[in-house]
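Colleague: Provided below are the primary sequence and the corresponding predicted coordinates.
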Amino acid sequence: MTTSNTRTASPARTWRAAAASLVAAGLLAFAGGALAQSGSAAGLWKNIDDQTKEAKALIRISESADGVLTGRIEKILTGNTEARCDKCTDDRKDKPVQGLTILQGLKKQGEEWTGGEILDPSNGKVYRARVKLVDGGNKLDVRGYLGTPMFGRSQVWVREQ
């Protein structure tokens, strides 16, 4: 008579192994999502005024299926939340600043997004724009300019989520 040392896994042991596999898969998915998030400019950003160094608004940046960025003011953090873009000269004239699209048409080229424009609702002017993730994707360097990036100004936006 031959005896075998083969053991059958108990239901509790099988359940623990399955649970451990699910936890590991969840951690990998979370880490992958965090890495993808840091490689994309999509998300909620707090813009910091380059002159006053104060937070002005929360801006929601979305990325279309073809990789084009668009940003709109989701919440005004200073002063008049009922402000209107009275100095705008395009179809945004007299529209509420809160909810206004201020960033559009940016396409990824290398490490940055370029080719689009940004609106400064305080003066109604539209500038060419360039944005680049910095600080591991936690900050966004936003540059608005006329002609060439050398003739413009930058703001740093901080990722909110």
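Modeller: Yep, that arrived. Numbering: from 1, shown residues only.
Colleague: what ranges do the strands span in this structure?
Modeller: Applying DSSP state E to the chain gives strands spanning 43-48, 55-63, 68-76, 101-109, 112-120, 125-134, 139-145, 152-159.
Colleague: packing partners for the third one?
Modeller: Using 3 or more C-beta pairs under 8 Å, 6 or more residues apart in numbering; DSSP states H and E, the elements in contact with strand 68-76 are strand 55-63, strand 101-109, strand 112-120. No exception for glycine: its C-beta is placed from N, CA and C like everyone else's.
Colleague: make JSON lines from those strands and add mean neighbour count, mean pLDDT and distance to Asp91 to it.
Modeller: Listed next are those as JSON lines, based on neighbours: other C-beta atoms under 10 Å; pLDDT from 0 to 100; distance: least, C-beta to C-beta, whole Å:
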{"stretch": "strand 55-63", "mean neighbour count": "19", "mean pLDDT": "97", "distance to Asp91": "19"}
{"stretch": "strand 101-109", "mean neighbour count": "18", "mean pLDDT": "97", "distance to Asp91": "10"}
{"stretch": "strand 112-120", "mean neighbour count": "19", "mean pLDDT": "96", "distance to Asp91": "11"}
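Colleague: nearest to Tyr127, of those?
Modeller: Across the helices and strands packed on strand 68-76, Tyr127 has its closest neighbour in strand 112-120 (5.4 Å, C-beta to C-beta).
Colleague: show me the one of the strands of the chain that comes nearest Lys87.
Modeller: Distance to Lys87, taken as C-beta to C-beta, is lowest for strand 125-134 among these, at 7.9 Å.
Colleague: average pLDDT across that closest one?
Modeller: For strand 125-134, mean pLDDT rounds to 97.
Colleague: what's in contact with that strand?
Modeller: 38-39, 41, 69, 87, 90, 103, 106, 111-114, 116-120, 139-147, 149, 152, 156 (C-beta atoms under 8 Å, 6 or more residues apart in numbering).
Colleague: try it again at 6 Å.
Modeller: The contact list for strand 125-134 (C-beta atoms under 6 Å, 6 or more residues apart in numbering) reads 41, 112-114, 116-119, 140-145, 149.
Colleague: then stretch 105-114?
Modeller: Taking C-beta under 6 Å, 6+ apart as the rule, stretch 105-114 contacts 67-69, 115-117, 130-132.
Colleague: the residue nearest to Gln98 when sequence neighbours are not counted - how many residues pack around it?
Modeller: Leaving aside its chain neighbours, Gln98 sits nearest to Ile76 (5.1 Å; criterion: C-beta to C-beta, 6 or more residues apart in numbering). Residues contacting Ile76 under the criterion other C-beta atoms under 10 Å number 19.
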